[in-house]
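Novice: need the 3D shape of this:
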Amino acid sequence: VDFTDYQAIHRYVTGKQNREGVAESRGYALRTVARRFVLFLDHPLTAVDVWRILPPKTTTSVTPWVHGCDGKWLGRVGVFFNHRNVTTRENLLWSFMGSESYEAIGGDLVTLATLLEGHLPIGAVSDWKGAIVSSVSSRFGNIPHQRCLAHVERQAKRLLPKHSPFEATQSLRRIATLLMLVEKPTDITVWQAYLTRWEKRYGDMLTEKTHAPVGTNRTWWYTHGNLRRAWRLLTHDTDPLFIFLINPLIPKTNNALEGVNSNLDQKLGNHRGMSTKRQAAFLSWYMTFTRVKNTEDLKKLWDYWKSNFSRN
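Specialist: Numbering: from 1, shown residues only. Now for the predicted structure:
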């Protein structure tokens, strides 16, 4: 392969040209294009490689920034994880890991903290998975960490069906949707007043029990389990829901990462049939090419790849 092939896979991965277009422009058969692309998909550059070649602007800036992270599962095999400067919308580090465990995410953050050389984030935003919260706290210190309100609302809606026959469920669902409208401290007071009013009217349903028939393993369970889960979601440990009001630089949602994941979904959807390993490699190249601003940048990546991987 040569640099023109590298330019071709850049156009292919970024969606500027499909495989048929690449074959036509290069004068190749489709099989030849596939064979040449396999060389790149078998040996993608890592995020650390890309950092060395094209460091993110975050490293040269003294502007405070906020860390965001999220993962995209590739089937049940593993998750493609992305760490992002959500303030400047710059992808910093990415990896393919077997699970969203503390060890895996923590390992990424150790690498990221080392590469940042002291320019650590002043805050974070995430979907509040335990491994993420613990990893951010242990690697970046006790920084303000916003729980993504979009995730909270989405989770509440799953627990509270829109067409539920119970008025209590529909009422709590409406209150959950108001969370995204909170813009100032007085809005919190109003929102919590709605919750208090709901509890006075429907609170008995949270402790209602159903007794199991004789001879079964369980003796009882909560009749409205999902309602209890939704209530706890909205009322337990609410401080992380409103960090954005205290720290204006921190957004209330993780939409900057959601947009990236949505784009990754679209890219994979356009190239169905790849194995999980190839999907991860494809996404690695896509994230790599988000750093490319001109042909000179692309040439730097090519020179590094050629000297390190083309002979393997």
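Novice: low pLDDT regions in the stretch 151-300 of the chain?
Specialist: 270-271 (pLDDT under 70).
Novice: show me where it has its helices.
Specialist: Along the stretch 151-300 of the chain, counting by DSSP state H, counting those that start in this stretch, helices occupy 167-177, 185-202, 225-235, 243-246, 255-269, 276-289, 295-308.
Novice: among those helices, which is the most enclosed?
Specialist: helix 276-289 (a mean of 20; mean count of other Cβ atoms under 10 Å). Placement of C-beta: from N, CA and C, glycine included.
Novice: just give me how far that helix sits from the chain centre.
Specialist: 15 Å (Cα atoms, centre = their mean, to the nearest Å).
Novice: Arg36 touches Asp5, doesn't it?
Specialist: Yes: with contact defined as Cβ atoms under 8 Å, Arg36 counts as touching Asp5 (5.2 Å).
Novice: burial of the spatially closest residue to Asn226 that is not a sequence neighbour, as a residue count?
Specialist: Nearest residue to Asn226, sequence neighbours excluded (Cβ to Cβ, 6 or more residues apart in numbering): Leu159, at 4.4 Å. Other residues lying near Leu159 total 20 when counted by other Cβ atoms under 10 Å.
Novice: what about the residue nearest to Val260 when sequence neighbours are not counted, neighbour count?
Specialist: Closest residue in space to Val260, ignoring its immediate chain neighbours: Asn82 at 6.0 Å, by Cβ to Cβ, 6+ apart. When neighbours are counted by other Cβ under 10 Å, Asn82 registers 23.
Novice: for the remainder of this discussion, apply numbering that starts at 49.
Specialist: With 49 as the first residue, the last one maps to Asn130.
Novice: for the helix or strand hosting Asn130, name the packing helices and strands.
Specialist: Assigned by DSSP states H and E, Asn130 belongs to strand 126-133. Other helices and strands packing on strand 126-133, by 3 or more Cβ pairs under 8 Å, 6 or more residues apart in numbering; DSSP states H and E, are strand 114-122, strand 138-145, helix 150-164, helix 303-317, helix 324-337.
Novice: to Tyr60, which of the ones you listed lies closest?
Specialist: helix 324-337 (9.1 Å; Cβ to Cβ).
Novice: CA-only coordinates of the closest one in CSV, if you can.
Specialist: C-alpha atoms of helix 324-337 as CSV (Å, rounded to 0.1, in the frame of the first residue of the first chain):
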residue,chain,number,x,y,z
THR,A,324,-16.2,-7.2,16.1
LYS,A,325,-12.5,-6.9,15.9
ARG,A,326,-12.7,-5.1,12.6
GLN,A,327,-15.5,-2.9,13.9
ALA,A,328,-13.3,-1.8,16.8
ALA,A,329,-10.4,-1.1,14.3
PHE,A,330,-12.8,0.9,12.0
LEU,A,331,-13.9,3.0,14.9
SER,A,332,-10.3,3.5,16.0
TRP,A,333,-9.5,4.9,12.6
TYR,A,334,-12.6,7.1,12.6
MET,A,335,-11.5,8.6,15.9
THR,A,336,-7.9,8.9,14.6
PHE,A,337,-9.1,10.9,11.6
